[in-house]
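Trainee: sequence and predicted structure are below.
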Protein chains: 2
Amino acid sequence: MHMNTRRKTRTVHVGRVPLGGAHPVSVQSMTNTDTRDARATLGQIAELAAAGCDIVRVAVPDETAAAALKLIVAESPLPVVADIHFDHRLALAALDAGAAKLRLNPGNIGARNCVEAVAHAARERRVPIRVGVNAGSLERDLLARVEQDEIPLGAAMAESALHEAAILERCGFEDIVVSVKASNIRATIKAYHALAARCDYPLHVGITEAGTLINGVIKSAAGIAILLAEGIGDTIRVSLTSPPVEEARVGRKLLQALEMRPYGPEIISCPTCGRTEVDVIAIAQELERRIADDEELRRAACTIAVMGCVVNGPGEARHADVGFAGGRGEGIIFSKGAKIGKVSAQDAVDRLIEEVRKLGRKAE
Amino acid sequence: MHMNTRRKTRTVHVGRVPLGGAHPVSVQSMTNTDTRDARATLGQIAELAAAGCDIVRVAVPDETAAAALKLIVAESPLPVVADIHFDHRLALAALDAGAAKLRLNPGNIGARNCVEAVAHAARERRVPIRVGVNAGSLERDLLARVEQDEIPLGAAMAESALHEAAILERCGFEDIVVSVKASNIRATIKAYHALAARCDYPLHVGITEAGTLINGVIKSAAGIAILLAEGIGDTIRVSLTSPPVEEARVGRKLLQALEMRPYGPEIISCPTCGRTEVDVIAIAQELERRIADDEELRRAACTIAVMGCVVNGPGEARHADVGFAGGRGEGIIFSKGAKIGKVSAQDAVDRLIEEVRKLGRKAE
């Protein structure tokens, strides 16, 4: 795990959020509301912002959506990225609407003069552009070479993405972010390796079409973690076939788990076994629910241990900021390593929360 | 991702399941029933086996549990590991009961002659022993050195685990598996690095006390994937504060995602966006449910794509063995790259399953 040697990149600015360089890895998601419905889209953006999302993308499939984008940008608490396909006029309209970034491939939006117009308008507004290739949308000639084993899929994806970047470079535009996603972890990782070796643009990383909640979390956490551990990745998106707010939560939790960014209290809870004499699953779940519902608790940067037996329990509970080590229907409460009292299982959550609040007040 | 350079280890045998060498990485879990209740424990083991678990561990906290272990071992479809603390007589009883492996630390079960008795009995039966240290149960003197910054936590954990292994080695016992788990990913990874550099025993890897379902999956998938990508890990356990069957499913899905072992159909589904005109979340979830409920489908080794738009949809759907690319309330069905028909959104799941079955029959 080489987290101290993060890959060196340029920095681009997505509104107030810097990407690349030594800036924190940011978390992105994408709304799945109809963008033309600005209210619904803003509602989802508010949810994403509350869950710790840094940057939000919205699809802009037509002019009505581009018009709605103006309202969305005006009220969004997060910088808004416009996702554009097929038509450069939508990109120009999105820039007029105040988009903080464009997501498009120049090869996909029209002829050379169209691309020049977009690059010029984006440069004037200091708006970066993400280019990117998904395994499912690889150019036909590269795909043929992959299928004939002339070039590995990962290298072909990097080649294709850099080809898109080169079109912008020829227009004098270099505020570029790049992505190369596949639904397959190995192909994705190889594509990012190839990309990282060949450019110094900030990289947007993720596993695409990763699946429904649990399966998508498995694939995304595994693939993104392997890349981040190698120092690759400046902004991440967890793609889930699930409400977007889950993508933001999972992304933030992943960065927290890798100690790259804090994200509220971390609950350390044991898997339970035949030795467990207290309902650890219920206590840990109740604790999570209470934290999720409470703004003050959500912001507390601490570890809370919920342990069910005397084997590893007291050790873990003592190491956490606040801990509960359960025995038969009751347990011991620890705070900052010291035993501070006994508590019944049913009062454990209340007592843990009380201690978390006390620590928070001391820290102020 | 260096999956081709798996770390070289000895092989030990847990019943019929070999660990280490070039053998497939196996998936473990632990029952959380009262081991003294053999029926309940066997019920949970049957669930674990159906979910693809390879090896199951049960806590053996007392003599009644050791007696129940005999019944459990006799009927268990999986090799059973006995988890022993404090008392070497329980280890001897577990060996008598037919345990396929012991999980214990010799420093924790009694004096030298007690350890010798266990090592001797285990060697006679060719039963391996896993020794392991959790961050929460580190020896007092090493813990003091960690707290005074004299030694990093990871190195201390490896040191402690190898100290336990050395006690067995001095008894002439070398059928050893080692683990060094923390609830912290970085510490866990550093501990396994230290361990991998200093021994050739097969390694049991996992992140301990990883938390409730989603958070636990994030931490476990990230930590275990980083290690496996480095070639470290011969058997894995995903620790979740959740029913054990989830641990087995997540473990198997993780190995599948890393292309280390197949585990039924892989569903590739898009995250949906403002462009989606068909309920991808509902279709993907329904497809997963139908597969989970059907033995034949659960065993099908294929990819199924469920995509919601015309941008990446047809590309991904064409690459998958079977695919659906949705438009407005309907979509196109692909099989092995060829369009084979249109289908309404409500018939999509039936049609996808029909095509999966056809492919299965062709493969036979």
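Mentor: The structure has been received and is ready for your questions.

Trainee: what is whichever strand or helix holds residue A:332 packed up against?
Mentor: For residue A:332, the element it lies in under DSSP states H and E is strand A:330-335. Counting contacts by 3 or more C-beta pairs under 8 Å, 6 or more residues apart in numbering or on different chains; DSSP states H and E, strand A:330-335 is packed against helix A:313-319, strand A:322-326, strand A:338-344, helix A:348-363. Where you see a C-beta, it was placed from the backbone N, CA and C, and this is true even at glycine.

Trainee: of all the ones you listed, which one is nearest residue B:12?
Mentor: helix A:313-319 (27.5 Å; C-beta to C-beta).

Trainee: contact partners of the closest one?
Mentor: Helix A:313-319 has contacts (C-beta atoms under 8 Å, 6 or more residues apart in numbering or on different chains) with A:268, A:270, A:303, A:305, A:307, A:323-326, A:331-332, A:334, A:337, B:134-138, B:183, B:209.

Trainee: lowest-confidence stretch among the helices and strands packed on strand A:330-335?
Mentor: The minimum mean pLDDT among the helices and strands packed on strand A:330-335 belongs to helix A:313-319 (a mean of 80).

Trainee: how far away from the center of its chain is that helix?
Mentor: Relative to its parent chain, helix A:313-319 has a centroid offset of 31 Å by C-alpha atoms, centre = their mean, to the nearest Å.

Trainee: quick one on the thing from earlier: any chance of the helices and strands packed on strand A:330-335 in TSV, with mean neighbour count too?
Mentor: As requested, the helices and strands packed on strand A:330-335 are arranged in TSV below (neighbours: other C-beta atoms under 10 Å in any protein chain shown):
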stretch	mean neighbour count
helix A:313-319	23
strand A:322-326	27
strand A:338-344	13
helix A:348-363	17
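
Trainee: report pLDDT for residue A:1.
Mentor: 52.

Trainee: now residue A:53, what's its secondary structure?
Mentor: The three-state label given to residue A:53 by DSSP: H, G, I helix; E, B strand; the rest coil is coil.

Trainee: now swap in residue A:92 and tell me
Mentor: Criterion first, three-state DSSP; result for residue A:92: helix.

Trainee: so what's the residue count around residue A:68?
Mentor: Neighbours of residue A:68 under the rule other C-beta atoms under 10 Å in any protein chain shown: 24.

Trainee: sticking with it, tell me its helix or strand.
Mentor: For residue A:68, the enclosing helix or strand under DSSP H and E is helix A:63-75.

Trainee: need the mean per-residue confidence for the following helix or strand past that helix.
Mentor: Under the assignment DSSP H and E, the closest C-terminal helix or strand after helix A:63-75 is strand A:80-83. Mean per-residue pLDDT for strand A:80-83: 98.

Trainee: hmm, back to that, would you list the helices and strands packed on strand A:330-335 in CSV and tack on distance to residue A:247?
Mentor: CSV is the format used below for the helices and strands packed on strand A:330-335 (distance: least, C-beta to C-beta, whole Å):
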stretch, distance to residue A:247
helix A:313-319, 30
strand A:322-326, 29
strand A:338-344, 36
helix A:348-363, 27
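
Trainee: to residue A:105, which of these lies closest?
Mentor: The nearest among these, by C-beta to C-beta, is helix A:348-363 at 46.7 Å.

Trainee: for the closest one, C-alpha coordinates in CSV please.
Mentor: Written as CSV, here are the backbone C-alpha positions of helix A:348-363 (Å, rounded to 0.1, in the frame of the first residue of the first chain):
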residue,chain,number,x,y,z
ALA,A,348,-25.5,0.5,25.4
VAL,A,349,-26.3,2.7,22.5
ASP,A,350,-27.5,5.6,24.7
ARG,A,351,-24.4,5.4,26.7
LEU,A,352,-22.0,5.2,23.7
ILE,A,353,-23.7,8.2,22.2
GLU,A,354,-23.5,10.2,25.5
GLU,A,355,-19.7,9.5,25.6
VAL,A,356,-19.2,10.5,21.9
ARG,A,357,-20.9,13.8,22.6
LYS,A,358,-18.7,14.3,25.7
LEU,A,359,-15.6,13.8,23.7
GLY,A,360,-16.9,16.2,21.0
ARG,A,361,-17.5,18.9,23.7
LYS,A,362,-14.0,18.3,25.1
ALA,A,363,-12.5,18.7,21.7
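
Trainee: let me see the residues that make contact with that helix.
Mentor: Contacting residues not belonging to helix A:348-363 are listed as A:265, A:278, A:283, A:286-287, A:290-291, A:296-297, A:300, A:302, A:304, A:306, A:321-322, A:324, A:326, A:331, A:333, A:335-336, A:340-341, A:343 [C-beta under 8 Å, 6+ apart].

Trainee: cool, and stretch A:34-51?
Mentor: The contact list for stretch A:34-51 (C-beta under 8 Å, 6+ apart) reads A:29, A:31-33, A:56, A:58-62, A:64-65, A:68-69, A:71-72, A:75-78, A:80, A:244-245, A:248-249, A:252, B:274.

Trainee: now do stretch A:10-19
Mentor: Contacts for stretch A:10-19 (C-beta under 8 Å, 6+ apart): A:20-21, A:23, A:26, A:54-55, A:78-81, A:100-101, A:126, A:128, A:174-177, A:200-202, A:204, A:234-235.

Trainee: can you tell me which of the residues you listed are buried?
Mentor: A:20, A:23, A:26, A:54-55, A:78-81, A:100-101, A:128, A:175-177, A:201-202, A:204, A:234-235 (16 or more other C-beta atoms under 10 Å in any protein chain shown).

Trainee: quick one: least confident helix or strand in chain A?
Mentor: Least confident helix or strand, chain A: helix A:313-319 with a mean of 80, by mean pLDDT, DSSP states H and E.

Trainee: is chain B within reach of stretch A:269-288?
Mentor: Yes: residues of stretch A:269-288 are located near chain B by C-beta under 8 Å from any C-beta of the partner chain, namely A:269-276, A:280-281, A:284-285, A:288.
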